[in-house]
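Peer 1: Give the three-dimensional model of this entry:
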Amino acid sequence: MDVGSPFDYPKQGILYVAGHLPKPGRGVSPEALAELEALIKASGGGALCLFSSRRAAEEAADALRPKLDMTVLCQGESTMTALVKQFADEPDTCLFGTMSLWQGVDVPGGSCRLVVIDRIPFPRPDDPLMTARSRAVAQAGGNGFMSVSATHAAIRLAQGAGRLIRSTGDKGVVAVLDSRLATERYAGFLRGALPPFWATTDRGKALAALTRLGADAS
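Peer 2: I've put the predicted structure just below:
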């Protein structure tokens with residue numbers, strides 16, 4: 001039985017896709033770091049930043065700590081329980097991490113008003129299981145990429161974006177720093193798996209909304 005959702009996603013959340021950024025390569029690009037810095041400064045913290053790898057999370061934390069006047073926690077620096085508790089208890093603190101945070105964080109309220117996803121979480125191209133599944137679908141006449149890689153990414157994206165709205169009073173922004181979510185042919189399929197947030201690629205609107213949210217949280 002589907003009883004629907006208690007959340008009013010279009011009114012409670014914004015999906016901002018940074019369509020102007022270059023396609024992601026190895027690591028986090030300088031352009032993506034600058035965008036992340038602007039988003040966090042606008043929100044005044046309260047940011048859960050989800051990265052595709054531990055190295056990317058650590059590099060972003062190291063790069064932004066000198067530029068931000070707020071606490072930046074990074075996965076691996078303490079136990080996950082301690083990090084999440086500090087993030088929940090301190091409305092201006094940011095938490096950077098990887099896949100375990102995509103699924104394991106439940107922080108209702110203003111302490112999590114910005115969720116940032118660095119890139120579409122496609123499976124690794126050298127993953128033997130995913131490669132075998134894609135090959136099998138293609139041999140059967142299907143689209144291996146859409147059936148396996150894109151479906152995997154859609155589920156992960158939904159899990160990550162789902163960290164934002166955890167109660168009926170929550171409001172915030174999910175920001176995706178991967179321009180492919182705005183430009184590629186499969187983008188609509190991936191966005192269809194996300195909660196029905198109000199969506200925009202307008203950077204100014206996203207920053208203005210975050211500024212209002214940060215003022216409300218302070």
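Peer 1: Please enumerate the strands of this protein.
Peer 2: Applying DSSP state E to the chain gives strands spanning 13-17, 47-50, 72-74, 94-97, 114-117, 172-176, 198-200.
Peer 1: If you count contacts, what does the third one end up packed against?
Peer 2: Contact partners of strand 72-74 among helices and strands, from 3 or more C-beta pairs under 8 Å, 6 or more residues apart in numbering; DSSP states H and E: helix 54-64, helix 80-89, strand 94-97. C-beta coordinates here come from the backbone N, C-alpha and C atoms, glycine included.
Peer 1: Only the buried residues of the first one, if you could.
Peer 2: Buried residues in helix 54-64, counted by 16 or more other C-beta atoms under 10 Å: 54, 56-61, 64.
Peer 1: hmm, who's touching it?
Peer 2: Helix 54-64 has contacts (C-beta atoms under 8 Å, 6 or more residues apart in numbering) with 27-28, 33, 36-37, 40, 49, 51, 72, 74-76, 96-98, 118.
Peer 1: Go ahead and build a ChimeraX selection from the buried members of these.
Peer 2: Those of the contacts of helix 54-64 that count as buried under 16+ other C-beta under 10 Å are selected in ChimeraX with:
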select :27,28,33,36,40,49,51,72,74,75,96,97,98,118
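Peer 1: Point out the least confident one among the contacts of helix 54-64.
Peer 2: Lowest pLDDT among these: Gly27, with 78.
Peer 1: Now do the closest residue to Ala182 other than its chain neighbours against Thr81, distance only.
Peer 2: Spatial nearest neighbour of Ala182, chain neighbours left out: Gly19 (3.5 Å); criterion: C-beta to C-beta, 6 or more residues apart in numbering. Relative to Thr81, Gly19 is positioned 36 Å away (C-beta to C-beta, to the nearest Å).
Peer 1: For the chain, just list every one of the helices.
Peer 2: Here the chain has its helices, by DSSP state H, at 9-12, 30-43, 54-64, 80-89, 99-104, 128-139, 144, 151-161, 180-183, 187-191, 203-217.
Peer 1: Show me the one of the ones you listed that comes nearest Lys23.
Peer 2: With distances scored as C-beta to C-beta, the stretch of the helices of the chain nearest to Lys23 is helix 180-183 (6.1 Å).
Peer 1: for this structure, which spans come out with low pLDDT?
Peer 2: 1-5, 103-104, 124-148, 218 (pLDDT under 70).
Peer 1: how about a cut-off of 50?
Peer 2: For the chain, the stretches flagged by pLDDT under 50 are 1-3.
Peer 1: Okay, and the beta partners of the spatially most central residue of it?
Peer 2: The chain has Ile117 as the residue nearest its centroid, 2.5 Å off, counting by C-alpha atoms, centre = their mean. Under DSSP bridges, the beta-bridge partners of Ile117 are Leu50, Val176.
Peer 1: ok, it - contacts?
Peer 2: Ile117 neighbours (C-beta under 8 Å, 6+ apart): 50, 157, 160-161, 174-178.
Peer 1: before we move on, the earlier item: will you turn the helices and strands packed on strand 72-74 into a markdown table that also has distance to Ala187?
Peer 2: Listed next are the helices and strands packed on strand 72-74 as a markdown table, based on distance: least, C-beta to C-beta, whole Å:
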| stretch | distance to Ala187 |
| --- | --- |
| helix 54-64 | 22 |
| helix 80-89 | 30 |
| strand 94-97 | 25 |
